[in-house]
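**Student:** Curious how this folds, go ahead:
(chains A and B)
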Amino acid sequence: MERIVKRLNLALAIAFAISLGPSVLAHHSAAMFDDAKVVEKKVTVKELQWTNPHVWLQVVIDENGKKTEWSLEGGSPNTLSRQGWRASTFKVGDVVTVRFNPMKDGSAAGQFIGAKFEADGKTIGRW
Amino acid sequence: MTRLPSVASVIAGAALFCVVATIGADAQGTRPALPDWSGIWAMQGPTVFDRASVQPPTGRAGEPGVREAPPYTDEWEAKYRTNIDLVRQGKFPDPVSTCGTPHGFPRIMNVPDVYEFAVTPAAVYVIAENGPNVLRIYTDGRKHPASEDLWPTYNGASVGQWEGDTLVFSTISLKGSKDNDVIVDRTGLVLSDASRATTRLRRVDENTIEAQMVIEDAKALKGQWRVTKRYVKQPAGTWAWDYACAENNRNPIDPSGKTLTLGPDGKPLDK
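**Tutor:** Numbering: from 1, shown residues only, chains lettered A, B, ... in the order given. Alright, predicted model coming up:
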């Protein structure tokens, strides 16, 4: 049952992400991202670059012992702060599950959709 | 013995009289009070410029195949179709990605993030957080500069007057698109250096400001292009912030027109 709910939530998130499209990127073309795909990964936060024109969440993905740094691009800190984000929202070492639209070419980056913190289950962004 | 007033108190009294007289004149209708457009506003809907004509109706600027229906001439319709194809190929970069140039008019009326509309006796300033961008509209009675005193700029030259609570302004001397260096939106819409507009800006209700634009372009358009944008008031206490586009721009454009994604070390991640 829990798995079904999880899949349903993911499907809703995907549908919402598709419906919203690339609007979070206010300053450049979003052609590099595959809006039709949503990737979900458990990651460790390396850094939150709280900067304009976009925030960047630097995360480390550990797959079978192979650690890779990924760059997840969000909106502007201006808009995100009005949506409840703060510069301290992500701390170094936080373990979170992130959802993002991946790069079409498979490179280690994506368009941030949302995140769920492992420590307390809180979510941020579209979840 | 009667004390004479000091020079300072006489000056202060005169100044107070002038202020009271001015307020009184306004109250008597010699100069209508200016409307209150204070607060923070956000454009309604996504950044498709002409939402009334966009196809598909839910299409968003930047998505492949999305287009609007300006009354283009055949030549400029062909340019638009070329741009739509570039969008499809991922090679229609947004010129503001360089963090070096303004969005320009009319695009300044079509940006995300928030707006402020500063109404003063001599000018109205449309301040877009995104960019940042400022559209100056002089309302002090001046006319447009003579043609020999103008040169094409991103936001052109705007002068206007109040018709009741509606600001009616005319914008000329726009830079227009040359090789897509100024765009109207990311579907590929562009206008020429012959474009100009008359805009009616008003507060239609407590929570809505509306801009009705009538755009003309002797080179690109066969007729008038009417576009309406609306801006919704944000909750009291909302802040607009500094938008330093060049602070950490990790999305430069390569010579082919592709928008890159840089890693934290400044090197492209793109394969």
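
**Student:** Only C-alpha atoms from now on, for both contacts and neighbour counts.
**Tutor:** Will do.

**Student:** tally of neighbours for residue B:181?
**Tutor:** As a burial measure, residue B:181 scores 15 neighbours (other Cα atoms under 10 Å in any protein chain shown).

**Student:** Could you do residue A:28 as well?
**Tutor:** 25.

**Student:** Could you do residue A:67 as well?
**Tutor:** Quick note: residue A:67 (other Cα under 10 Å) scores 12 neighbours.

**Student:** In terms of helix, strand or coil, where does it fall?
**Tutor:** strand (DSSP: H, G, I helix; E, B strand; the rest coil).

**Student:** in the sheet, who's paired with it?
**Tutor:** residue A:62 (DSSP bridges).

**Student:** Give me the pLDDT value at it.
**Tutor:** What the model reports as pLDDT for residue A:67 is 97.

**Student:** Around chain A, pick out the residues from the stretch 151-271 of chain B.
**Tutor:** Residues of the stretch 151-271 of chain B lying close to chain A (Cα under 8 Å from any Cα of the partner chain) are B:186, B:238-249, B:251, B:259-261, B:263-264, B:269-271.

**Student:** So which residue is smack in the middle of chain A?
**Tutor:** In chain A, the centroid-proximal residue (Cα atoms, centre = their mean) is residue A:112; its distance is 2.9 Å.

**Student:** and that one, that one's in a helix?
**Tutor:** No. Per three-state DSSP, residue A:112 lies outside any helix segment and is strand.

**Student:** residue ranges of the strands in the stretch 1-150 of chain B, please?
**Tutor:** For the stretch 1-150 of chain B, the strands defined by DSSP state E, counting those that start in this stretch cover B:41-43, B:114-119, B:123-128, B:133-138.

**Student:** Could you do chain A as well?
**Tutor:** Here chain A has its strands, by DSSP state E, at A:39-49, A:56-63, A:66-73, A:95-102, A:109-117, A:123-125.

**Student:** where does chain A have low pLDDT?
**Tutor:** A:1-26 (pLDDT under 70).

**Student:** rerun at 80
**Tutor:** Within chain A, the stretches with pLDDT under 80 are A:1-27.

**Student:** quick one on the thing from earlier: mind checking how far the nearest residue to the residue nearest to the centre of chain A once chain neighbours are set aside is from chain B?
**Tutor:** Closest residue to residue A:112 apart from its sequence neighbours, by Cα to Cα, 6 or more residues apart in numbering or on different chains: residue A:100 at 4.5 Å. According to Cα to the nearest Cα, to the nearest Å, residue A:100 and chain B sit 15 Å apart.

**Student:** Around residue A:100, count how many other residues there are.
**Tutor:** Look at residue A:100: counted by other Cα under 10 Å, it has 25 neighbours.

**Student:** what sits opposite it in the beta ladder?
**Tutor:** As for beta bridges, residue A:100 partners with residue A:39, residue A:112 under DSSP bridges.

**Student:** got TSV for the strands of the stretch 1-150 of chain B, with distance to residue A:59 and mean neighbour count too?
**Tutor:** Listed next are the strands of the stretch 1-150 of chain B as TSV, based on distance: least, Cα to Cα, whole Å; neighbours: other Cα atoms under 10 Å in any protein chain shown:
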stretch	distance to residue A:59	mean neighbour count
strand B:41-43	32	22
strand B:114-119	29	20
strand B:123-128	32	19
strand B:133-138	33	21
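
**Student:** just so I know, which of those lies nearest residue A:88?
**Tutor:** strand B:114-119 (22.9 Å; Cα to Cα).

**Student:** packing partners for the closest one?
**Tutor:** For strand B:114-119, the elements it packs on are strand B:41-43, strand B:123-128, judged by 3 or more Cα pairs under 8 Å, 6 or more residues apart in numbering or on different chains; DSSP states H and E.

**Student:** Would you reformat those strands as JSON lines and include mean pLDDT and distance to residue A:125?
**Tutor:** Converted to JSON lines, the helices and strands packed on strand B:114-119 look like this (pLDDT from 0 to 100; distance: least, Cα to Cα, whole Å):
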{"stretch": "strand B:41-43", "mean pLDDT": "98", "distance to residue A:125": "19"}
{"stretch": "strand B:123-128", "mean pLDDT": "98", "distance to residue A:125": "24"}
